[in-house]
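**Student:** Can you look at this prediction? I've put the sequence above it.
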Amino acid sequence: PAGRIEAAHQVDFFHGKVLHIRVPYPFLCFSAASVCEAAGLSARISACRGWIHGQRASSASAPADHSGASGVIKIGGIGPLTGSAAVYGLATKQGAEVAVAEINALGGLQFSLDFQDDEGDAEKAVNAYNKLKGDGVQLIYGCTTTTPCVAVAAETFNDRYFQLTPSASSTDVTSGRDNVFQVCFTDPNQGLTAANYIKENGLGTKVAVIYNNGDAYSTGIYNAFQSEADAIGLEVVSVTTFPDDTNADFTVQLGEAQSAGADLVFMPIYYTPASLILNQAKTMGYAPTFFGCDGMDGILDLEGFDTSLAEGLMLMTPFNAWGTDERTVNFVTTYQGQYDGIPNQFAADGYDCIYAIYEACQKAGITADTSAADVCEALVSTFTSEDFSVDGLTGTGMTWSSTGEVSKAPVVVKVEGGVYVTQ
C-alpha cells in the first residue's frame, strides 16, 4: 500500500526525507523499484556482481526455475543426491544454486541449473547426461565424484560439450579430453603436497596410511603421496586399506598403525569413514596426529559426530568456512540461511564453478542461442587463455592449463576448538 514499505530491511532518512531503502533480496522478485514506486518514494539500490548494499544477493529458498524463460543459458548438473555419496553431491548442488541465484539477481546473463542424481554410479551418471542433453542443456557442471565423472567425460568429449567439475579430482577425468576442466585440486597434487608439508613441518617421524583402495580419489592421492614420501625420505611404516566408504570397522588398520609406532596417520579419504576412524582410535587409546585431504572437509558438520574427536585434525582444503574475508562470510551466511548447515569445500567449489562459467560466458559472448558445440569451443578457448582468471572462495587468481587442471594455492587447516584454523 502507498505510504508503507512492507519489505524494507532498513530505511535511511535525512531531515525527514527518505534517502534510500535497503530491501532484502528475497523480496526483489518484484523489484525494489516497484516497492518504492508504490510507496511514492525514491530509492537507490546499488549492486555489483551480486552485492546489494555490501551483501551478496541471496535467497532464503531454492532458486527460481528459469528453465522455461527466454534468454537463459541452460546448465546441466550431475552428482549423487541419494546413496552413500549424497552428502557430497548435495553440497555441490547447493553451492551452485547459491551462485545461480546471485547471478540471476544481477540481471543480464541468466542461468538455469538442472541437476540430476547419479547416485555415485557411472552408468547412472551417463544416463543423467543423456537426459540433460535431450533436454537441451548447453554445458555440463559435474560430476561430483571421480568414477562417474570419468564416464561422463568420455561422452562429453565425443559430443563436444564443455564440462567443469567441482570435485572429481583424478587426472583420469581430464586426460586426453580438451573439453573437461576441474576447479578442485588433482589427486597427485594433493598427495605430493601432503608428503612435503608433513616432512617440512616435522609433523611425524613415522607415518601410517589408511586409504580406500576401491576409490579412485583415495588411491590416486595415496600413490602420489607414497612416491613423494620415498623421494624425500619420509618414513611410511604402515599402509592399510578398506574396500569402500560403507566400511564400519577400522580396528585392524588402526591396530597395525599403532603397533608400527606411527605418530601420524595420513588418511586420503572422505569424512564419513574418517569420523569412524577418529572415534575408534579414541576407544583404543591411540592418539597420533591425523592428516587428511579435501575429501575430509565437512567432518565438523556431520550429523551425530562428536566434533571433539576431530580436535587437532589437520587437512588440506581450499576453503575455510570460518574465514573472515567478506566473500566467505557472505557465502556462509547465505548458505546457512538457505540450507541450515555449514558449507564445506564441495559447496564452495560448486559456487566457484558457476562463477567461473559466468565470467567465461561473459568474456566469450555466450548467449541462450549458442549451440552446445559452439559453447564448448568458446569456453575451452577462454579458460585456457592467458588473460582469464577467476577470484573465488577457494582461490584467488585461479587459472587453467590446457590439461584442464586448475592452478591455486593449497591451504592446510587444523581443527582447534571446533573450527578450522589456517596454518
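**Tutor:** Great, that's in hand. Numbering: from 1, shown residues only.
**Student:** Can you get me the start-to-end distance on stretch 262-280?
**Tutor:** By CA to CA, to the nearest Å, the extent of stretch 262-280 from end to end equals 16 Å.
**Student:** Use 46 as the first number from now on
**Tutor:** Taking 46 as the first residue, the last one we looked at is stretch 307-325.
**Student:** Which positions in it come out as buried?
**Tutor:** Buried residues in stretch 307-325, defined by neighbour count with 16 or more other CB atoms under 10 Å: 307, 309-323, 325. C-beta coordinates here come from the backbone N, C-alpha and C atoms, glycine included.
**Student:** how far is that stretch from where the chain is centred?
**Tutor:** Taking CA atoms, centre = their mean, to the nearest Å, one finds stretch 307-325 lying 21 Å from the centre of the chain it belongs to.
**Student:** and the residue nearest to T439 when sequence neighbours are not counted, what is it in contact with?
**Tutor:** Spatial nearest neighbour of T439, chain neighbours left out: P363 (3.7 Å); criterion: CB to CB, 6 or more residues apart in numbering. Shown in contact with P363 (CB atoms under 8 Å, 6 or more residues apart in numbering): C229, F230, D339, Q390, A393, D394, L438, T439, G440, K453, P455, V456.
**Student:** Among the residues you listed, which one lies nearest to T285?
**Tutor:** Closest approach between the contacts of P363 and T285, by CB to CB: D339, at 21.5 Å.
**Student:** gap between that closest one and F270?
**Tutor:** Counting by CB to CB, to the nearest Å, the gap from D339 to F270 is 14 Å.
**Student:** one step back: can you confirm the residue nearest to T439 is in a strand?
**Tutor:** No: using DSSP: H, G, I helix; E, B strand; the rest coil, the secondary structure at P363 is coil, not a strand.
**Student:** quick revisit: looking at the buried residues of stretch 307-325, which are in helices?
**Tutor:** Y316, T317, P318, A319, S320, L321, I322, L323, Q325 (DSSP state H).
**Student:** Next, find the distance separating the nearest residue to the last one once chain neighbours are set aside from I322.
**Tutor:** So the one you mean is Q325. Once flanking residues are discounted, Q325 sits nearest to F295: 5.3 Å by CB to CB, 6+ apart. Remark: distance between F295 and I322 (CB to CB) = 5 Å.
**Student:** swap in E301?
**Tutor:** As judged by CB to CB, E301 and I322 stand 13 Å apart.
**Student:** Does S430 fall in a helix, a strand, or a coil region?
**Tutor:** coil.
**Student:** Equivalent analysis for Y256, please.
**Tutor:** Here Y256 is strand, with the state taken from three-state DSSP.
**Student:** How about A196, nearest residue that isn't a chain neighbour?
**Tutor:** Sequence neighbours aside, A167 is the residue nearest to A196 in space, at 3.9 Å (criterion: CB to CB, 6+ apart).
**Student:** Next, count neighbours for E164.
**Tutor:** E164: 18 surrounding residues under other CB atoms under 10 Å.
**Student:** right, I mislabeled it, should have said G152
**Tutor:** 9.
**Student:** how close does it sit to T285?
**Tutor:** For G152 relative to T285 (CB to CB), the value is 55 Å.
**Student:** Just give the closest residue to A240, not the sequence neighbours.
**Tutor:** Closest to A240 by CB to CB, 6+ apart is E273, at 3.9 Å.
**Student:** can you pull out the strands in the stretch 246-395 of the chain?
**Tutor:** Assigned by DSSP state E, counting those that start in this stretch, the stretch 246-395 of the chain shows strands spanning 252-257, 281-287, 309-312, 334-337, 359-361.
**Student:** Where does pLDDT dip in the stretch 346-468 of the chain?
**Tutor:** Nowhere does the stretch 346-468 of the chain drop to pLDDT under 70.
**Student:** Could you do the chain as well?
**Tutor:** Checking the chain against pLDDT under 70 turns up 46-115.
**Student:** Need the residues touching each of F295 and I322.
**Tutor:** With CB under 8 Å, 6+ apart, F295 and I322 have common neighbours I255.
**Student:** circling back: any chance of JSON lines for the contacts of P363, columns distance to C188 and neighbour count?
**Tutor:** Formatted as JSON lines, the contacts of P363 follow (distance: CB to CB, whole Å; neighbours: other CB atoms under 10 Å):
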{"residue": "C229", "distance to C188": "12", "neighbour count": "27"}
{"residue": "F230", "distance to C188": "17", "neighbour count": "28"}
{"residue": "D339", "distance to C188": "16", "neighbour count": "27"}
{"residue": "Q390", "distance to C188": "16", "neighbour count": "31"}
{"residue": "A393", "distance to C188": "17", "neighbour count": "30"}
{"residue": "D394", "distance to C188": "13", "neighbour count": "32"}
{"residue": "L438", "distance to C188": "20", "neighbour count": "27"}
{"residue": "T439", "distance to C188": "18", "neighbour count": "27"}
{"residue": "G440", "distance to C188": "21", "neighbour count": "23"}
{"residue": "K453", "distance to C188": "21", "neighbour count": "19"}
{"residue": "P455", "distance to C188": "22", "neighbour count": "16"}
{"residue": "V456", "distance to C188": "24", "neighbour count": "19"}
